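Compute the structure for the input listed below.
(chains A and B)
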Amino acid sequence: GDSVTQMEGPVTLSEEAFLTINCTYTATGYPSLFWYVQYPGEGLQLLLKATKADDKGSNKGFEATYRKETTSFHLEKGSVQVSDSAVYFCALRAMDSNYQLIWGAGTKLIIKP
Amino acid sequence: NAGVTQTPKFQVLKTGQSMTLQCAQDMNHEYMSWYRQDPGMGLRLIHYSVGAGITDQGEVPNGYNVSRSTTEDFPLRLLSAAPSQTSVYFCASSGTSGGGGQFFGPGTRLTVL
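The predicted structure follows:
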């Protein structure tokens, strides 16, 4: 079945460091791919998405590129801030899905000043 | 638009009590779902609905009931609360306007003693 695998956390970085959170998926065809962010005590928010191969989603300085050849959708940011500390979830929606998402386990990011 | 709203924000129950968690959305989304989030477990789908009058089970449906009498509302009922149901519950919705992504409510923190 379809699945999403994220790198285990927590990931701890210093402010202004470069961030990569790996996400790979297993699915047939061309799923849509998403990154969500959950700040402490809050619900999940859609951070960015990509719906076809080679698409790049971007938002708030974060980027992720849909790589069909490596079945990956890694999240990157050039210079992280303390306010980026949160849990990040990668997810996919299969081509034939009725809006259901398949979720990764989440990666906790801690940014130290 | 209020988006997805959930009530209550916090709830404490005794074992065996029943209650209903409320969820409403004002985006005319067809799809609505309930998740539970436990430490280290990521998101687990409890029940979902693809439209009024249509519901189906997710990954962890036991102990919960749902109904969908209107497009806007999707309540989750705990029939006889157990300590294992202590969790944070999120409601989410999705529709053609969301590009496939889901919109989440702020969550309900439930403790069963």
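
now residue 58, nearest residue through space, not along the chain?
No chain specified, so I'll use chain A. Closest residue in space to residue A:58, ignoring its immediate chain neighbours: residue A:48 at 5.9 Å, by CB to CB, 6 or more residues apart in numbering or on different chains. Quick note: C-beta positions are derived from backbone N, CA and C, even for glycine.

if you could check chain B rather than the one you did, that'd help
Nearest residue to residue B:58 in three dimensions, chain neighbours excluded: residue B:45, at 3.1 Å (CB to CB, 6+ apart).

Name the SS class of that neighbour, please.
Here residue B:45 is recorded as strand under DSSP: H, G, I helix; E, B strand; the rest coil.

Check whether it really touches residue A:100, as I assumed.
Yes. Using CB atoms under 8 Å as the test, residue B:45 is close enough to residue A:100 to be in contact (7.4 Å).

overlap in contacts of those two?
Residues touching both residue B:45 and residue A:100 by CB atoms under 8 Å, 6 or more residues apart in numbering or on different chains: residue B:33.

rewinding a little: contact partners for the residue nearest to residue A:58?
A:34-35, A:57-59, A:62-64.

Pull out the buried members of those residues.
With burial judged by 16 or more other CB atoms under 10 Å in any protein chain shown, the buried subset of those is A:34-35, A:57, A:62-64.

Of those residues, which belong to strands?
If you go by DSSP state E, those have A:34-35, A:57, A:62-64 in strands.

Which strand residues bridge residue 11?
If you meant another chain, say so; for now it's chain A. As for beta bridges, residue A:11 partners with residue A:109 under DSSP bridges.

ah, no, chain B please
Bridge pairing for residue B:11 - DSSP bridges - gives residue B:110.

returning to what we had before: any chance of the contacts of residue A:48 in CSV, plus distance to residue B:32?
Converted to CSV, these look like this (distance: CB to CB, whole Å):
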residue, distance to residue B:32
A:34, 17
A:35, 22
A:57, 24
A:58, 28
A:59, 24
A:62, 27
A:63, 30
A:64, 26
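
hmm, which two among the buried ones among the contacts of residue A:48 are most spread apart?
Greatest spatial distance among the buried ones among the contacts of residue A:48 (CB to CB): A:34 and A:63, at 13.6 Å.

residues near the spatially closest residue to residue B:85 that is not a sequence neighbour, how many?
Spatial nearest neighbour of residue B:85, excluding adjacent residues (CB to CB, 6+ apart): residue B:112 at 5.3 Å. The local packing of residue B:112 (other CB atoms under 10 Å in any protein chain shown) involves 19 other residues.

that older thread, who's in contact with the residue nearest to residue B:58?
With contacts defined as CB under 8 Å, 6+ apart, the neighbours of residue B:45 are A:100, B:33-35, B:58-60.

At the contact with chain B, which residues of chain A appear?
A:32, A:34, A:36, A:42-46, A:49, A:51, A:89, A:93, A:98-101, A:103-106 (CB under 8 Å from any CB of the partner chain).
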